[in-house]
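*Asks:* model this:
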Amino acid sequence: MNAWKITYQVALADFLERTRRFSFLITLGLTILAAYMFVPPADAGYVTLYFEEFRGIYNSAWVGGTTAVSTSLFLSFFGFFLVRNGIERDKRTRVGQIIEGSSLKKSHYLLGKALSNFLVLAVIAAVVIPVAICMQWVRGEDYSLHLGAYLAPYLFVVIPALAIVSAMAVLFETRPVLRSPFGIVLYMLLFTGVTMSTLYSGMGNDVITKAMREKLLLTHADYEGTYGQGILFLESPLKLFVWDGISWTWDVVIKQAALLLVAVLVCLLASRLFRGFKESPVVVQGPRTGAGTGTAAGEAVPARSRGGKATAPERTRKAPAEPAAAQSPALTSAADLTPVRVNKRFLPLVGAEFRLQFASSPPGWYVVAVILAILCLFLPYTAALRWIWPLAWIWPISLWSSMGNREHQYGTVSVLASSPGYVGRQLPAVWLSGFLAVLLTGSGMLIRFIVTGDVVHLIYAVAASLFVPSFALALGIWTESRRPFELIYMLLWFLGPFNQLFYADFMGTAAESGPVRNLTSASLVIIAVLLAASVLLVLAAYSKRKLKVK
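*Replies:* The predicted structure follows:
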């Protein structure tokens, strides 16, 4: 079969499998919400593309360009975590062992996985375009529609970025160290470094922002040429200017097309690092017999000659058949059976779930967790609160994402469901183990809050500690997958604790420190919402699990 056809079939099968999941619908819903935020209202207190005190009028060129930049940035970060499980899924479902025994080459397999990643992200990006067009009309500053002003930025900016992210997702699945939480942190560092280094490079997103800056420098002498990407908060109203779009010359197109070559090179590197789906051989034992013969009665065995060579097989003598009545076991009443003792102790179950939660974490994971806790204790308070504490709460994401779906990953649902008190005992044990994990990984900052008397952030920490395991457990049970929690929690963490978007800041990193009287009404609302959401999520998880058992 043609190599390209094989790659296409691998990509198509993986793409169809992913897009049929409920988690994909959740992702599309979040994308629509993100696209709405990419075009903020005129009186909004934030911008997604910052040019000091200026903003372009919402025409097709400006909306198409800014949403393309935001989509590229958004999917370069969150899209990686969305699609980086393709190889791991084949390994978990044992499809990898079938692939290992086939003639499929590693390079074709990995290229097909990268192409599937790209198609998934491209579909998500394509959803942004009609939403952006609708937002242009909703904002009502310019109703004239130019479809090319939307398509060109996505074709020449978003598509190359998605190709690189798709290849990086495959690369980060080829080695165990890259699949671990260390790989998550490494990609976050790479993403931050690449984003900062390409701000004024003339490649990637800077192709669009450079054209916007050049227009501003020509028309407004008070513009100093700086800009920023992401969600940025404003201190004063913005001034408007008209931007008519970018001229897509051959030089620009060739530069952007070179990024596709980078994606291919990353796939080639991944094929060199990938070791396939090898596992230990399975030893199949034959039936046991008595007298050490190693064969069953009546089985043909080779007779050996004096020279030690095998001759024609002989039949061992069969024992005379016993009467049917003698072969059937005697009937036993239920009263004669040994009574079953059910261990209803709850704490040992919590301890087992807690140990199981950490079972797959490598030694390096604990080293980083301890370092983060120590930094929270001894770094200057402001720096620890602003940077280290959020990192300490993103590091255990792989622990929380397995809550409620671990039994589906390892195929132990029927075993656990047959145990007594499955829902009433196991569900609280899983939640409590996740709650203890939150307290343990954030212990450094919790101690700091108690010692310094920072009651505001202590209350935030307790409310968030109740919310995170409840959220993880509910999503794990409802979706039977790790990815929805990882994606939504990463989005919430990025907007809230990391970027300090106030109403998404469930950790209160932007709140004022100090005694309880420093709690504002807005902070009280956020804390109340976290507590109420925790209760509702646990009830939703319980009802769904109860329904499944029935």
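
*Asks:* So which residues make contact with the helix or strand that contains Tyr489?
*Replies:* If you go by DSSP states H and E, Tyr489 is part of helix 483-493. Contacts to helix 483-493, defined as Cβ atoms under 8 Å, 6 or more residues apart in numbering, come from residues 22-23, 26-27, 30, 77-78, 81-82, 85, 390, 393-394, 397, 400-401, 403, 468, 471-472, 475-476, 479, 504, 506. Bear in mind the C-beta positions are built from the backbone N, C-alpha and C, glycine included.

*Asks:* One more pass at 7 Å, please.
*Replies:* Helix 483-493 has contacts (Cβ atoms under 7 Å, 6 or more residues apart in numbering) with 23, 26-27, 30, 78, 81-82, 85, 390, 394, 397, 400-401, 471-472, 475-476, 504, 506.

*Asks:* For the helix or strand hosting Ala125, give the mean pLDDT please.
*Replies:* Element membership for Ala125 (DSSP H and E) is helix 106-139. Helix 106-139 shows a mean pLDDT of 93 in the predicted model.

*Asks:* still on that earlier bit, so which bits of the helix or strand following the helix holding Tyr489 are buried?
*Replies:* Where DSSP H and E defines the elements, the next helix or strand beyond helix 483-493 is helix 521-549. For helix 521-549, burial by neighbour count (16 or more other Cβ atoms under 10 Å) applies to Ser523, Ile526, Ile527, Leu530, Ala533, Ser534, Leu537, Val538, Ala540, Ala541, Tyr542, Arg545.

*Asks:* again with stretch 136-156
*Replies:* Here stretch 136-156 shows Gln136, Arg139, Asp142, Ala149, Tyr150, Ala152, Pro153, Tyr154, Phe156 as buried, counting by 16+ other Cβ under 10 Å.

*Asks:* which one of the buried residues of helix 521-549 sits closest to Asn59?
*Replies:* Nearest to Asn59 among those: Ile526, at 36.4 Å, using Cβ to Cβ.

*Asks:* Against Gly230, how distant is the closest one?
*Replies:* 21 Å (Cβ to Cβ, to the nearest Å).

*Asks:* Then Arg448?
*Replies:* 28 Å.

*Asks:* Same question for Trp4.
*Replies:* 39 Å.

*Asks:* more crowded one of these two?
*Replies:* Gly230 (18 against 10; other Cβ atoms under 10 Å).

*Asks:* can you confirm the more buried one is in a strand?
*Replies:* Yes: using DSSP: H, G, I helix; E, B strand; the rest coil, the assignment for Gly230 is a strand.

*Asks:* unless I'm mixing things up, it is touching Asn499, no?
*Replies:* Yes: in this structure, Gly230 is within contact of Asn499 by Cβ atoms under 7 Å, at 6.5 Å.

*Asks:* List the buried residues of stretch 2-21.
*Replies:* Quick answer for stretch 2-21 (16+ other Cβ under 10 Å): Ile6, Thr7, Val10, Ala11, Asp14, Phe15, Arg18.

*Asks:* For Tyr187, give its distance to Cys134.
*Replies:* Distance from Tyr187 to Cys134, by Cβ to Cβ: 33 Å.

*Asks:* my bad, Met203
*Replies:* Met203 is 30 Å from Cys134, where distance means Cβ to Cβ.

*Asks:* confidence score at the residue nearest to Asp142 when sequence neighbours are not counted?
*Replies:* Distances taken as Cβ to Cβ, 6 or more residues apart in numbering put Asn59 closest to Asp142, at 3.8 Å, once the chain neighbours are dropped. We have a pLDDT of 93 for Asn59.
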